[in-house]
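Undergrad: this one's structure only:
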């Protein structure tokens, strides 16, 4: 395997499937089966999931809600998604742990770095909920932070697009895909990969980001096996 330990970043919107909001059980099952394939190959998997399918703090703030309050609601939404993904993974026979940055001890463990590492070493999938536990920070930032803390080899950002393009490929048919691009070039070209806080943190810690299409069956396994899937962002 190309990577021994990965941090898989999924957006909340990815869980909607074809729905307008909420969680699509079929999409959850598909993701669980994709993750199971890499677990069976001995890859250690940590996951950070967003909450945009349920609530987004920035959207609430734009409509007059207190931003801190809105972000706390968003953190709870990520925990709901984490529980849903945990259930889907366990239905596939995968041992999991949900750890949260905000304490909800009745349903999840508090985030503890050493405990997370131990779970990963034992082959359990660790899902990190609650973002960073702080308002004004996105789940992209949480993903990079947790990846650094657990010494992941790479961040795999699963999206509905098969990589990074010169423009939005869903809007511009002439958009060209990058196979590999540096952090510096992403910033200079103004490409949207992650928010700047997350992106800078990843660059400073020399942690590569791979953007790929999570909805295409088999892509995750191909990627961790070393196939040229998606777009790699690194310092090279």
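TA: Arrived safely, thanks for sending. Predicted model, so just to flag it, every value in this text is computed and none were measured. Residues are numbered from 1 along each chain as shown.
Undergrad: give me every residue that touches the spatially most central residue of the chain.
TA: Centroid-nearest residue in the chain, with CA atoms, centre = their mean: residue 9, separated by 0.9 Å. Residue 9 makes contact with 47-49, 139-140, 143, 155-158, according to CB atoms under 8 Å, 6 or more residues apart in numbering. No exception for glycine: its C-beta is placed from N, CA and C like everyone else's.
Undergrad: for this structure, what helix or strand is lowest in average pLDDT?
TA: helix 57-62 (a mean of 71; mean pLDDT, DSSP states H and E).
Undergrad: is it fair to say the residue nearest to the centre of the chain lies in a strand?
TA: Yes. Under DSSP: H, G, I helix; E, B strand; the rest coil, residue 9 falls within a strand.
Undergrad: let me see the confidence value for it.
TA: At residue 9, the model reports a pLDDT of 98.
Undergrad: which helices and strands does the least confident helix or strand of the chain pack with?
TA: helix 67-91 (3 or more CB pairs under 8 Å, 6 or more residues apart in numbering; DSSP states H and E).
Undergrad: buried stuff in the helix it packs on?
TA: Buried residues in helix 67-91, counting neighbours by 16 or more other CB atoms under 10 Å, are found at 70-86, 88-89.
Undergrad: ok, now stretch 176-190?
TA: Buried, per 16+ other CB under 10 Å, within stretch 176-190: 178, 181, 183, 186.
Undergrad: helix/strand/coil for the second one?
TA: Yep, that's residue 181 we're talking about. strand.
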